[in-house]
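J.: test case, fold it:
(2 chains)
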Number of protein chains: 2
Amino acid sequence: MRLQKHIKMTIREDSLRAFTKEVFLALGCSLEHAELAADVLVTADLRGIDSHGVSRLSGYIRLAEAGRINLSPNFAIESEALAAATVNADKALGLVSAPYAMDLAIQKAQKTGIGFVGVKNSNHFGIAAYHAMKALPHDMIGFALTNASPLVVPTYSKKRMLGTNPICMVFPVKNGSPIVIDMATSAAANGKLEIAEREGKSIPEGWLLNKVGQKTTNPSDLKSGGALLPLGSDFETGSHKGYGMGAMVDLLCGVLTGASFGPWVPPFVSFLPVLENQPGEGLGHMLGAFRIDAFRPKEDYYTAISIWVDAFKNAELISETNQVIIHGEPEEHCAMDRRVNGIPLNEKVYQDLEALSIKFGIQLIL
Amino acid sequence: MRLQKHIKMTIREDSLRAFTKEVFLALGCSLEHAELAADVLVTADLRGIDSHGVSRLSGYIRLAEAGRINLSPNFAIESEALAAATVNADKALGLVSAPYAMDLAIQKAQKTGIGFVGVKNSNHFGIAAYHAMKALPHDMIGFALTNASPLVVPTYSKKRMLGTNPICMVFPVKNGSPIVIDMATSAAANGKLEIAEREGKSIPEGWLLNKVGQKTTNPSDLKSGGALLPLGSDFETGSHKGYGMGAMVDLLCGVLTGASFGPWVPPFVSFLPVLENQPGEGLGHMLGAFRIDAFRPKEDYYTAISIWVDAFKNAELISETNQVIIHGEPEEHCAMDRRVNGIPLNEKVYQDLEALSIKFGIQLIL
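T.: Residues are numbered from 1 along each chain as shown, chains lettered A, B, ... in the order given. This is a model prediction of the structure:
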């Protein structure tokens, strides 16, 4: 059935999850990996991070078909200490290697108070928050970082040298949303440019350089050789700090683990080649957990973080138009809404899923 | 001797170190703590971070005289696990409590691969890089974070809720400067506003709000009730990310350790009162170390980071005017120069030191 344009489509969470799982099974994933990969993508859609949900499903499939993702990976721990390890992901989906590493980090933190597990030879891991949030039910603070294919310049350069390299850190809260800080280290994430381009809008100055290194407000300049600016945008407003944060992520996820790094990180899109003379293997991630009661009694922590949240929610506003954000709360509210009312699918994503439905003979029930 | 204004004064590193040590001894510090505190401050001056060097000496003294710093502290470990701990600093100078905690983090990382040690009930710790860099000779990556007295707004608020809350991470490099990323999470550090104010210059838009929450380019507006903006400056260019990073630092250093946090963090200047109903004790820090060979053979790491540094140094420039910065390299070059040619002192800092020289009867030799 071909739906008319501009009809708003929504899909129930369980339908989207079942469909996505079946697609991964059809590709050859194990049941465990298919369920997990589907859960990561659908969680992104529930939380309103539509750029990292099922909209990417066909992209993962193209990478698998190009032989750049291995859907039957054997994970191997290459280095290990009581509180640390590095996992070779065997070219897996990051959607499954990152949860494996996070589980290991949590086990380590149970024993030693802290666990950090690096991953090399991996691929795009979806939303960082999914992985970091695994810490929450264990009364732990969670960390998730990943490097990504190069789109961002260092200050004063016009060359794409870093990915949007997100940093995610999550803090459990009793009787309220957890604090979930999950941010690209560029001024704006790629997804925001795609939306502006689709809608024919210009973008704010400070997001993008064109291919000769001039600031531009035309989102299409990214595809014609431009590059994203680091958080801070200009040197005088701190772009060297955004560059520094992106570099930190790359050094921890790439240089420390043995993954590739900098301009060599393999691109997400299958039509761009992987550069030769790779200095490491695949994408890299870093997952971590702090057990709260290694630092202080957890009741005291929960009391303190409630005071913190209340204080920030009630901080004096510039105007009543916009409230102070507690990171993660808008996404938590979105998820509550979408669990009840369904997940909206835009036309392009719906077409993508419809094509997969035909290709794999899997029914897509809205 | 009263020197004429505008004569450029320099002081030898060893003279400044000896003088600073004698001042701390005169105040009642142990020899070990006096030498350590002097080393932290002089290292800042050597590295060109003049805002955090001996220019702050009289400030620490005023806090000690107001009873807000304890110069004979007893450090106590309040919580501990194999890879984690929290130290109660007993109102010490952060200049001495942070190195104590970092040494403990390094010991833990020797055993388990990772060590993170929180500090509560502390005070301003000087430059974060000093503490994090203690990891370098052990083939470890070092971390140092601290919260600080409130000067920075969350996005959409006009209330000072966070300090400039720096994040520092250092990576050892063979045959070159270590990578030292040490950055305030505000768009600009307070010191830059002080310099602009002294020189009667305006500041870039994006650093500061005035007391009613409007953007301003007048640096004096900070002292008349204004507030610094987070890195990213505006919501549309990512200020919620800078706010998120400042929040991360506050949650790790304050909420997790039992130190104070948010708007309650005690001010550095002795003439501002400590707020009542403190939700924690003093300032908080977080010090950490990753042992590289817990993740991969260290030779492989050193090879990879050399490739990383070379690639970034040689990234294509927008113009020849400005080179790509490798974080920490300018400071390393500054230190090499100042070790040979002396440390420049501006008029105000010189007057401060001269006053201390008279007060304590300690000779200041230029």
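J.: quick check: closest non-adjacent residue to A:S122.
T.: Leaving aside its chain neighbours, A:S122 sits nearest to A:A89 (3.9 Å; criterion: CB to CB, 6 or more residues apart in numbering or on different chains). C-betas here are computed from N, CA, C, even on glycine.
J.: would you mind listing the buried residues in the helix-or-strand element of chain A with minimal mean pLDDT?
T.: Taking mean pLDDT, DSSP states H and E as the measure, chain A has helix A:190-198 as its least confident helix or strand, at a mean of 87. Of the residues in helix A:190-198, those with enough neighbours to count as buried (16 or more other CB atoms under 10 Å in any protein chain shown) are A:190, A:192-193, A:196-197.
J.: likewise for stretch A:326-334?
T.: Neighbour counts using 16+ other CB under 10 Å place A:326-329, A:331-332, A:334 of stretch A:326-334 among the buried residues.
J.: redo those as TSV? Include distance to chain B, secondary structure and pLDDT.
T.: Listed next are these as TSV, based on distance: CB to the nearest CB, whole Å; DSSP: H, G, I helix; E, B strand; the rest coil; pLDDT from 0 to 100:
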residue	distance to chain B	secondary structure	pLDDT
A:I326	9	coil	98
A:H327	5	coil	98
A:G328	10	coil	98
A:E329	12	helix	98
A:E331	13	helix	98
A:E332	15	helix	97
A:C334	16	helix	98
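J.: turn those residues into CSV, columns for distance to A:A259.
T.: Shown next, in CSV, are the buried residues of stretch A:326-334 (distance: CB to CB, whole Å):
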residue, distance to A:A259
A:I326, 33
A:H327, 27
A:G328, 27
A:E329, 33
A:E331, 28
A:E332, 31
A:C334, 32
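J.: need the buried residues of helix A:190-198 in JSON lines with distance to chain B, can you?
T.: As requested, the buried residues of helix A:190-198 are exported to JSON lines (distance: CB to the nearest CB, whole Å):
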{"residue": "A:N190", "distance to chain B": "14"}
{"residue": "A:K192", "distance to chain B": "10"}
{"residue": "A:L193", "distance to chain B": "13"}
{"residue": "A:A196", "distance to chain B": "11"}
{"residue": "A:E197", "distance to chain B": "16"}
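J.: circling back to that earlier point, burial measure for the residue nearest to A:S122, as a count.
T.: Applying the criterion other CB atoms under 10 Å in any protein chain shown, we find 30 residues in the vicinity of A:A89.
J.: one more: the one 3 residues further on?
T.: Neighbour count of A:A92, defined by other CB under 10 Å: 28.
J.: that one is in what secondary structure piece?
T.: A:A92 is part of no helix or strand when elements are defined by DSSP states H and E.
J.: same thing with A:F312?
T.: With secondary structure defined by DSSP H and E, A:F312 is part of helix A:298-313.
J.: against which helices or strands is that helix packed?
T.: Using 3 or more CB pairs under 8 Å, 6 or more residues apart in numbering or on different chains; DSSP states H and E as the contact criterion, helix A:298-313 has no neighbours among helices and strands.
J.: now do the buried residues in that helix.
T.: For helix A:298-313, the buried set under the neighbour-count rule, 16+ other CB under 10 Å, comprises A:298, A:300-302, A:304-309, A:311-312.
J.: can you tell me the average pLDDT over that helix?
T.: Helix A:298-313 shows an average pLDDT of 98 in the prediction.
J.: what residues does it touch?
T.: Contacting residues not belonging to helix A:298-313 are listed as A:139, A:171-176, A:179, A:292-293, A:295, A:323-324, A:326, B:154, B:161, B:247, B:250-251, B:254-256, B:258, B:261-263, B:279-280 [CB atoms under 8 Å, 6 or more residues apart in numbering or on different chains].
J.: out of the residues you listed, which sit inside helices?
T.: Among these, DSSP state H puts B:247, B:250 in helices.
J.: list the contacts of the spatially most central residue of chain A.
T.: Centroid-nearest residue in chain A, with CA atoms, centre = their mean: A:I127, separated by 2.7 Å. The neighbours of A:I127, taking CB under 8 Å, 6+ apart as the test, are A:40, A:43-44, A:47, A:49, A:52, A:182.
J.: closest one of those residues to B:S202?
T.: Top of the list for closeness to B:S202, among the contacts of A:I127 and by CB to CB, is A:D182 at 35.6 Å.
J.: can you give me the neighbour number for A:F271?
T.: A count of nearby residues for A:F271, using other CB under 10 Å, gives 7.
J.: pLDDT score assigned to it?
T.: For A:F271, the pLDDT comes out at 82.
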